[in-house]
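S.K.: Starting from these lines, generate the structure:
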Amino acid sequence: MERLRNHRRLIIGLAIIFLLLMVGAIVAIVRYTQSAAGATPSFEQNNKTLSTSTKSFAATSTRPSTARATNSVPLPSSAARQPIGTNLRTMRGHTEGIIQIIAVPGTPPKLYTGSFDQSVREWDANSGFNTQTYLDPNNTWVIGLAYYPATQQTPARLYTGSTEPFIHEWDISNSKLLRNFAGHVSYIQFIGVLDANPPKLVSSSANGSFIQWDLVTGTPALVFNISQGLAFSNGFVMLPGTFPRLYSADSDTFVREWDLSTGKLVRTYTGHTAAVLRMALLPGAQPRLFSCSDDQRVIEWDITTGRVVRIYAGHTASVYSVQVIPGNPPRLFSASVDKSVIEWDMNTGNILNRFLGHTDGVTTLAYLPGNPPRLFSGSSDKTRAI
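M.R.: As a prediction, the model looks like this:
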């Protein structure tokens, strides 16, 4: 009998040891998973991920982690490049993620930042002071943002778009709302201004539509669509000329070229394998087009043939913004959810500089010429990054 009791005690002891080993293994796996998740930057909250490959910024009820910083980085000269840029200033004021930055030269130069906190902020780019704040009239995220320069007929204006299907026109002298432009049937994805005489205002919407606006009446002058709403444009750039063009970064992996005089599709560019997120255009005798994507790459295109010229690969997550700087030679930058900004060698496609310091995904870039030239980045982190 005693032998049987000892045998039972041995079995129970072994079972307890086995259970303890299993618990330890589970704890180790959980810690490893959390560590891996922390090492992979994402706009993730409440088990939902913001992804433009399947939906737009406004198509989700989950917001990215908050961001309060716009960072200013002096660009190293081509003669003496540094491996990492030096942060000049962190501009704080937004209480949630920055979606877009635009830089406006002048005296003083200005920045405008649109945010998930339902506001646009105007900044003195030299001092870093927040000089004006524009509150979205419908209390929704500010997704689209464009500056319309002054002409002989009209003063400068700011145009914003949000999760409502309206374009808002603002007086930049006092941040007062002037007009609402109605014409879209879904929320605004992007707003741009064509450098023409006079300038032209164009917007895109989440149902795949584009509108070119009559700024006298505030009504649509031209409307065209992508695939009857089967895709939408995450952003676009425009090329002026006798036959002005619009190049759209579309959610179905394609770049499309449109005739802005007629709204007709001219060409479809194939090369990305996931949603195209933003575009950049280098004007000149032989203009160059650049696109960035959820496929973690930047592609350079020949706009005369629609073919791929070069692929820039080096990011480890979605590339949310691309910026090309005119000059001799020109310079190319991209920003990614992998928390970095990369400067690329446009002759080889290799990495020249990697700007590190952000602690979350970098969502937008803007360039301001000057001495020194400055690159501004917006991110989902809460602290100074570069």
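S.K.: Tell me the spacing between the closest residue to residue 259 other than its chain neighbours and residue 322.
M.R.: Distance criterion CB to CB, 6 or more residues apart in numbering; nearest residue to residue 259, sequence neighbours excluded, is residue 266 at 5.5 Å. C-beta: built from backbone N, CA, C; applies to glycine. Distance of residue 266 to residue 322, computed by CB to CB, to the nearest Å: 21 Å.
S.K.: before we move on, the earlier item: the residue nearest to residue 259 - how many residues pack around it?
M.R.: 15 (other CB atoms under 10 Å).
S.K.: and the gap between it and residue 258?
M.R.: Taking CB to CB, one finds residue 266 at 6 Å from residue 258.
S.K.: try residue 366
M.R.: 24 Å.
S.K.: repeat for residue 294
M.R.: The value you get for residue 294 to residue 258, if CB to CB is used, is 22 Å.
S.K.: do the same with residue 89
M.R.: For residue 89 relative to residue 258 (CB to CB), the value is 38 Å.
S.K.: Settle it for me: which of those two has more neighbours?
M.R.: residue 258 (23 against 18).
S.K.: and that one, what does it touch?
M.R.: Applying CB atoms under 8 Å, 6 or more residues apart in numbering, we find residue 258 in contact with 210, 224, 245, 246, 247, 248, 264, 265, 266.
S.K.: What is the nearest of these to residue 280?
M.R.: Proximity of those to residue 280, judged by CB to CB, is greatest for residue 247, which lies at 9.7 Å.
S.K.: Bridged to that closest one, which residues?
M.R.: On the basis of DSSP bridges, residue 247 is bridged to residue 237, residue 257.
S.K.: Just give the number of residues close to it.
M.R.: By other CB under 10 Å, neighbour count at residue 247 equals 28.
S.K.: So for it, what pLDDT did the model give?
M.R.: Confidence at residue 247, expressed as pLDDT, is 97.
S.K.: That one and residue 290: what is the separation?
M.R.: 10 Å.
S.K.: what's the answer for residue 145, then?
M.R.: With CB to CB as the criterion, residue 145 and residue 290 are 20 Å apart.
S.K.: Check residue 262 too.
M.R.: Residue 262 sits at a distance of 25 Å from residue 290 (criterion: CB to CB).
S.K.: More neighbours: which of these two?
M.R.: Neighbour totals were compared for residue 262 and residue 290, and residue 290 leads with 27 against 11 (other CB under 10 Å).
S.K.: sec struct for the residue nearest to that one when sequence neighbours are not counted, please.
M.R.: In space, and not counting its chain neighbours, residue 290 is closest to residue 280: 4.4 Å by CB to CB, 6+ apart. Here residue 280 is recorded as strand under DSSP: H, G, I helix; E, B strand; the rest coil.
S.K.: Neighbours of residue 280, how many?
M.R.: Residues near residue 280, counting by other CB under 10 Å: 25.
S.K.: Same question for residue 179.
M.R.: With other CB under 10 Å as criterion, residue 179 counts 15.
S.K.: Can you pull the phi and psi angles for the residue nearest to residue 259?
M.R.: phi -100, psi -50 (degrees, to the nearest 10).
S.K.: ok, now residue 303?
M.R.: phi -80, psi -10.
S.K.: give the contact list for it.
M.R.: Contacts of residue 303 (CB under 8 Å, 6+ apart): 239, 245, 247, 257, 287, 288, 289.
S.K.: If we use 6 Å, what do you get?
M.R.: By CB atoms under 6 Å, 6 or more residues apart in numbering, the contact set of residue 303 is 287, 289.
S.K.: Need the pLDDT of the residue nearest to residue 290.
M.R.: Confidence for residue 280, expressed as pLDDT, is 96.
S.K.: and it, how far is that from residue 177?
M.R.: The value you get for residue 280 to residue 177, if CB to CB is used, is 30 Å.
S.K.: same question, residue 249
M.R.: Residue 249 is 29 Å from residue 177, by CB to CB.
S.K.: which of those two has more neighbours?
M.R.: residue 249 (27 against 14).
S.K.: Figure out the helix or strand that that one lives in.
M.R.: strand 245-250 (DSSP states H and E).
S.K.: Show me what that strand is packed against.
M.R.: Applying 3 or more CB pairs under 6 Å, 6 or more residues apart in numbering; DSSP states H and E, one finds that strand 245-250 makes contact with strand 233-239, strand 255-259, strand 276-282.
S.K.: report the angle between the axes of the last one and strand 245-250?
M.R.: So that's strand 276-282. Using axes from the mean of the first three to the mean of the last three CA atoms, to 10 degrees, the inter-axis angle of strand 276-282 relative to strand 245-250 is 150 degrees.
S.K.: for the helix or strand immediately after strand 276-282 in the chain, what is the average pLDDT?
M.R.: Next helix or strand after strand 276-282 toward the C-terminus (DSSP H and E): strand 288-293. Averaging pLDDT along strand 288-293 yields 97.
S.K.: distance between strand 288-293 and the chain's centre?
M.R.: Put simply, strand 288-293 sits 13 Å off its chain's centre (CA atoms, centre = their mean, to the nearest Å).
S.K.: distance of the residue nearest to residue 130 when sequence neighbours are not counted from residue 129?
M.R.: The shortest distance from residue 130 to any non-neighbouring residue, by CB to CB, 6+ apart, is to residue 93 (4.6 Å). For residue 93, the distance to residue 129 equals 9 Å [CB to CB].
S.K.: Between the two, which has more neighbouring residues?
M.R.: residue 93 (17 against 12).
S.K.: Residue 121 is in contact with the more buried one, correct?
M.R.: Yes. Residue 93 is within contact range of residue 121, at 5.4 Å (criterion: CB atoms under 6 Å).
S.K.: Common neighbours of the two, please.
M.R.: In contact with both residue 93 and residue 121: residue 130, using CB under 6 Å, 6+ apart.
S.K.: pretty sure residue 238 is in contact with residue 196, am I right?
M.R.: No. Applying CB under 6 Å as the test, residue 238 and residue 196 come out as separate, 8.6 Å apart.
S.K.: now the stretch 1-150 of the chain, which segments are flagged as low pLDDT?
M.R.: Applying pLDDT under 70 to the stretch 1-150 of the chain picks out residues 1-88.
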